[in-house]
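Colleague: model the structure of this input:
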Amino acid sequence: MRAISIALAVIGGCALVAAVVIELATGNAAGVGWVLAGPAPFYVAGLVGAFRGQRGNRVAVWLLAAGATFMLGVCLSDAVTDLPVVAGASFAWIVVLAGFCASNASVAAGVGLIGLFPTGVPERPGERWALRITAAMAVVLPVLLMVSSPTPPASLFQPADQAIASPLFLPAARPVEPVAAALQYAFAAWIILGVIMLYLRYRRSSPADRRRIRWLLAGMGGAVVLFAALTVVSLSAGSGAFAVASVFVLWALAVILTLGSLIVPLSQDGVFGIDRSARRSMVYRALWLLIAVVYVAAAAAIGLIAGQHLPLEAAVLLVAAAALLFQPAQRRLERLADRWVFGDRLDGYEVLTRFGAMLETSPGPSDLLPRLAAAIREGLGLQWARVRLDLPAGGSLPTAGAAGLEPGDAPEAALIVPLIHAGTVFGRIECGDRRDGALLDEDRRLLANLAGQAAAAARNLHLTAELSDRLDLIRRQAAELTASRARVAQTQDAERQRIQRDLHDGVQQDLVALTAKLALARERLRRGDPRADESLAELQRDMSGLIGQLRDFAHAIHPPVLADQGLLEAIEAQAARLPFEVVIEADPALRGVRYPQPVETATWYVVSEALTNAVKHAQARRVLVALAQPDGHLAVEIRDDGCGFDQATVRGLGLASLADRVAIVDGTLCIDSGPGRGTTLRAEVPLTAAGAGDG
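Modeller: Prediction:
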């Protein structure tokens, strides 16, 4: 492929230089202009596409082949027309034959260029046969002309040369000349075969290829109109200056439209190395200008033809009517150009209108962000869009919504626009590039307007999130209060059951035994038994023991020393009754200090329950009780050296009831324990100014 490209480049370059030299040597400035404006653009575009960017692209090679053979045909035609030494030579007919073959070869290459776009490779047998037939006709027609005509016939832009004789002429084949001349004369129209092939390929192509093929279909459609107008002008306007200028302008427009419809889709594949984002606005403006020019050219061509055959007034009316009839087609072409350049998208006003209507429907908080992202993505034709809000993590409302992204995708944003309302940033919009390239300036401006509308919705969602969080907090507090009340009720029930059990199993049994002993002493007294005095003494001792049990029982419920003397004294009295060492650390200034009754009671029960657990469960040998009053708080800490317990598995009602008691006085209870490292309970209760103590 590279060798073919080099050969075509050399052929086209030599032909270009030779054609310019010939025209300059003969003083034909118009001929130089035709060389530079006619075949040269196709040759240069093909040369750039074949040797720059994505090398080896077959479409670029087809374009180079069309331009090089076109240039070669023009060069050979100019040599015969402008150089008498060539026209009078014996080999002139060979130059003419080669010129016809080169011109036809450019048409055949054009069929391959258009019909095989965008791959440049035949995909079906029908395409191969169409190319083979076109290539064969490109050679057969010039040879048939040389056989059936004694002199070369006239072409579209070249008169017949009667001085050159064909040595291949056969008089018997003379009847074939009109048909062969007509076919050769109209061989350029075979380019329509390439357009038909392109349309058939378009119907079976993928969406990505269809988008590129649409460019060429549109360009070739406009070029066909311009070539038709050019042909009409050249046949009907004669050889005046106006006709020459009209032909030159129409040809230049057709060339620009044809090459533009090729360069734009090829540059998307990196063939020409043109930047996509910088290209689209220029391409759209160029298309808009070409559509306008085609519109004017079509109307002018109709007016020119009508002026040759109709009165001036009728020609003017015909042109005006044609202009009115062509206007809907012009607007349609402009809309198609906008969609092909910028993709299927809404205009800015419609995007804002739909976006505002979507917000007015007041979507729920759970689907607001995804709907915002989807509206932004579809309105601007983006690859993806995401809306993020600065909400606390873990809340009941979502903090982000995306469109065009799979879960777990985290692409880098091409643009981030903050959501600002009343000077406060509530979130941001993140988005990727457009589906067909980078973001445009108008996309950025439109996204800023959308962000302004979305910011109000983001603020409302923030307020909803705050209200939801507060409601959740209230629900949790209500649930905690309900659970606390339930635990208090369970603790009270358990306490009453314990009192009932202790009274039934302890005091009641002792009273039953005392009643029996009293009856025995009475009976002995009645009989005058001397052992009655012994029974009464035993009964007195038992009564004294029972009174002591009742005192301890009452102290366990609420020790009198706590009510009479204070918290520190009550702790010392409780510690004195335990069977292990209890060390009390307290500031002497706290002795005799009184606190509000709820504070003293809650703190006392924390110490009492911790000491009781150390006796019953911890198997402790030593317990430390620390009492302090730091920073307006009453703090008590109980630490034992017992066996400890696993906090993750133990769920005791006693510890829960202690936490509830401390919470009632707005205090906190912390428990630190673990197997083999003892247990530490620390309670802190805030003190009010009135309850700080009275010393």
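Colleague: which parts of the helix or strand hosting residue 219 are buried?
Modeller: Secondary structure here is read from DSSP states H and E; on that basis residue 219 sits in helix 207-236. Judged by neighbour count using 16 or more other Cβ atoms under 10 Å, the buried positions of helix 207-236 are 209, 211-220, 222-227, 229-234. (Glycine included, C-beta is placed from N, CA and C.)
Colleague: which residue sits farthest out from the middle of the chain?
Modeller: With distances taken as Cα atoms, centre = their mean, the residue sitting farthest from the centre of the chain turns out to be residue 528, at 109.8 Å.
Colleague: residues in contact with residue 35?
Modeller: Going by Cβ atoms under 8 Å, 6 or more residues apart in numbering, residue 35 touches 16, 19-20, 23, 71, 74, 78.
Colleague: how about 7 Å then?
Modeller: Going by Cβ atoms under 7 Å, 6 or more residues apart in numbering, residue 35 touches 19-20, 23, 74.
Colleague: in helices only, show me the residues you listed.
Modeller: In helices, defined here by DSSP state H, the members of the contacts of residue 35 are 19-20, 23, 74.
Colleague: from residue 4, how far out is residue 10?
Modeller: Applying Cβ to Cβ, to the nearest Å, the value for residue 10 to residue 4 is 11 Å.
Colleague: can I take it that residue 114 is in a helix?
Modeller: Yes. Secondary structure of residue 114 (DSSP: H, G, I helix; E, B strand; the rest coil): part of a helix.
Colleague: so it makes contact with residue 196?
Modeller: No. Using Cβ atoms under 7 Å, residue 114 is not in contact with residue 196; the gap is 9.4 Å.
Colleague: who has more neighbours, the two?
Modeller: Per other Cβ atoms under 10 Å, whichever of residue 114 and residue 196 has more neighbours is residue 114, with 29 against 13.
Colleague: what about the helices in the stretch 401-550 of the chain?
Modeller: When assigned using DSSP state H, counting those that start in this stretch, the helices of the stretch 401-550 of the chain occupy the ranges 441-502, 508-527, 532-557.
Colleague: now those in JSON lines, with mean neighbour count, mean pLDDT and distance to residue 402?
Modeller: Compiled in JSON lines, the helices of the stretch 401-550 of the chain are given as follows (neighbours: other Cβ atoms under 10 Å; pLDDT from 0 to 100; distance: least, Cβ to Cβ, whole Å):
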{"stretch": "helix 441-502", "mean neighbour count": "14", "mean pLDDT": "73", "distance to residue 402": "14"}
{"stretch": "helix 508-527", "mean neighbour count": "13", "mean pLDDT": "81", "distance to residue 402": "74"}
{"stretch": "helix 532-557", "mean neighbour count": "13", "mean pLDDT": "76", "distance to residue 402": "64"}
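Colleague: kindly reformat those as JSON lines containing distance to residue 372.
Modeller: Below are the helices of the stretch 401-550 of the chain laid out as JSON lines (distance: least, Cβ to Cβ, whole Å):
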{"stretch": "helix 441-502", "distance to residue 372": "6"}
{"stretch": "helix 508-527", "distance to residue 372": "75"}
{"stretch": "helix 532-557", "distance to residue 372": "64"}
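Colleague: ok, how many other residues are close to the closest residue to residue 97 other than its chain neighbours?
Modeller: Sequence neighbours aside, residue 142 is the residue nearest to residue 97 in space, at 5.3 Å (criterion: Cβ to Cβ, 6 or more residues apart in numbering). The burial metric for residue 142, expressed as a neighbour count using other Cβ under 10 Å, is 23.
Colleague: list the contacts for residue 142?
Modeller: By Cβ under 7 Å, 6+ apart, the contact set of residue 142 is 97, 100-101, 104, 184.
Colleague: and after the helix holding residue 219, which helix or strand comes next?
Modeller: Tracing the chain past helix 207-236, the next element assigned as helix or strand by DSSP H and E is helix 241-267.
Colleague: check which helices and strands that following helix sits against.
Modeller: If contacts are counted by 3 or more Cβ pairs under 7 Å, 6 or more residues apart in numbering; DSSP states H and E, helix 241-267 sits against helix 40-51, helix 58-82, helix 207-236, helix 276-309.
Colleague: mean confidence for it?
Modeller: Averaged across helix 241-267, the pLDDT comes to 72.
Colleague: thinking again about what came up before, part of a strand, is the residue nearest to residue 97?
Modeller: No. Counting by three-state DSSP, residue 142 falls outside a strand, being helix.
Colleague: confidence score at it?
Modeller: pLDDT for residue 142: 87.
Colleague: and residue 137, by the same measure?
Modeller: 90.
Colleague: ok, it - how many residues close by?
Modeller: By the other Cβ under 10 Å criterion, the neighbourhood of residue 137 contains 18 residues.
Colleague: ok, which stretches of the stretch 51-200 of the chain are helices?
Modeller: Counting by DSSP H, counting those that start in this stretch, the segments of the stretch 51-200 of the chain that form helices are 58-82, 84-87, 92-115, 125-148, 177-185, 191-203.
Colleague: turn the ones you listed into JSON lines, columns for distance to residue 432.
Modeller: What follows is the helices of the stretch 51-200 of the chain, written out as JSON lines (distance: least, Cβ to Cβ, whole Å):
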{"stretch": "helix 58-82", "distance to residue 432": "29"}
{"stretch": "helix 84-87", "distance to residue 432": "62"}
{"stretch": "helix 92-115", "distance to residue 432": "34"}
{"stretch": "helix 125-148", "distance to residue 432": "37"}
{"stretch": "helix 177-185", "distance to residue 432": "54"}
{"stretch": "helix 191-203", "distance to residue 432": "28"}
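Colleague: and these: which comes nearest residue 34?
Modeller: Using Cβ to Cβ as the criterion, the shortest distance between residue 34 and the helices of the stretch 51-200 of the chain is 7.5 Å, found for helix 58-82.
Colleague: next, the buried residues of that closest one.
Modeller: When neighbours are counted by 16+ other Cβ under 10 Å, the buried residues of helix 58-82 are found to be 58-82.
Colleague: residue 165: which of the helices of the stretch 51-200 of the chain is closest?
Modeller: Between residue 165 and the helices of the stretch 51-200 of the chain, the tightest spacing by Cβ to Cβ is seen for helix 92-115, at 6.8 Å.
Colleague: next, the angle from that closest one to helix 207-236.
Modeller: 140 degrees (axes from the mean of the first three to the mean of the last three Cα atoms, to 10 degrees).
Colleague: so for helix 92-115, mean pLDDT?
Modeller: Confidence for helix 92-115, expressed as mean pLDDT, is 87.
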